[in-house]
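Chemist: could you look at this predicted model? Sequence included:
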Amino acid sequence: MAYDSTKEKPEDRRMPLLREVFEQFPHVLINIELKHPTEELLIRTNALVKEFKRENTLIWGCRQRKDTQILQKLNPEVPCFFTAESVYKVYLSYFFGLLPFVSLPEHSIQLPYFMKEYQEELKTAKLGRKIYLYIVKLFSMVSVPIAKHLEKRGVLFAYWVLNNHEDFRKTYEGGAHAIMTDAPTELIKFLKKEGLYMDPAPYIKDPLN
C-alpha cells in the first residue's frame, strides 16, 4: 500500500527530541552522530546522557577528531565511533601490514558500503564524487578481513546506508555487527527470514505506564 501524504498530520513530521527517544527506548542501543556541533551542543547532549544513565547503551561521536575529543573529555564512559581520520588510519595500516600494532581507542567503526546502485552512478558521476565512490569500493573490497580483525579487538563494525536484501546479506556474511538503513521494514523482513530478528518489545517503554 502506498503512503498517502494527504492524510498526514503536522505532528507526523515532527522530529522527536533526544529526551523523548531516551524515555521511549531506555534499553535500546542508540548511535548518535553529532554533525557540525558547537561546544554547547556537546555539553547539553552529555547532560542528557548522564541524566538517563545511557553510558552503557550508547555509541556517539563526530566526524572531526577535535569534536570527538571533547566528547571523550566530557564523558569517557561512553564508547565513541571512529572519526574520519581514524578510519583512514585503520585502512592505511592494514595495507601496510601494521594494523595489529596500531592503537584503537574508539569502539565502533561505521562505513559507507559500495551498494550496487553506486556501480551505475560511477558512469555519470563528476570527478569529486567518482573519487569518493572508488574509495568506498576499495574499502568495501577489503572490509571482511578488517572486520574480523577488529572484532577480535572488541570493535563493533557497522555499514550505512543499505536498503535491499542483497546488500543486507553481503554485509552480514562479511562480518557486520550493525546495519544502518532507510528501509527498516525491509531489514526486518530480512532478519525474520534469516532467523535473526529479535522482538524489540521488551526494550521499549510502554507509553501508558
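Modeler: Noted; the coordinates are in hand.
Chemist: name the element E40 belongs to?
Modeler: helix 39-51 (DSSP states H and E).
Chemist: this structure: strands as residue ranges?
Modeler: Listed in chain order, the strands of the chain (DSSP state E) span 30-33, 58-61, 108-112, 156-160, 178-179.
Chemist: reformat those as a markdown table; add mean pLDDT and distance to K126.
Modeler: Backbone N, C-alpha and C define where each C-beta goes, glycine included. Below are those laid out as a markdown table (pLDDT from 0 to 100; distance: least, C-beta to C-beta, whole Å):
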| stretch | mean pLDDT | distance to K126 |
| --- | --- | --- |
| strand 30-33 | 95 | 26 |
| strand 58-61 | 96 | 29 |
| strand 108-112 | 93 | 18 |
| strand 156-160 | 93 | 22 |
| strand 178-179 | 91 | 28 |
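Chemist: output the contacting helices and strands for the longest helix seen in the chain.
Modeler: Ranked by residue count under DSSP state H, the longest helix found in the chain is helix 127-141. Helix 127-141 sits against strand 108-112, helix 116-121, with contacts defined as 3 or more C-beta pairs under 8 Å, 6 or more residues apart in numbering; DSSP states H and E.
Chemist: show residues contacting that helix.
Modeler: Applying C-beta atoms under 8 Å, 6 or more residues apart in numbering, the contact partners of helix 127-141 are Y91, L111, P112, Y113, F114, Y118, E121, L122, A125.
Chemist: can you dump the C-alpha coordinates of the lowest-mean-pLDDT helix or strand in the chain into PDB?
Modeler: Least confident helix or strand of the chain, by mean pLDDT, DSSP states H and E, is helix 116-121 with a mean of 87. Taking C-alpha atoms only, helix 116-121 is exported to PDB below (Å, rounded to 0.1, in the frame of the first residue of the first chain):
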ATOM      1  CA  LYS A 116      25.000  -1.900  -6.400                       C
ATOM      2  CA  GLU A 117      23.400   1.500  -7.200                       C
ATOM      3  CA  TYR A 118      26.900   3.000  -6.900                       C
ATOM      4  CA  GLN A 119      28.100   1.000  -9.800                       C
ATOM      5  CA  GLU A 120      25.700   2.800 -12.100                       C
ATOM      6  CA  GLU A 121      26.400   6.100 -10.600                       C
END
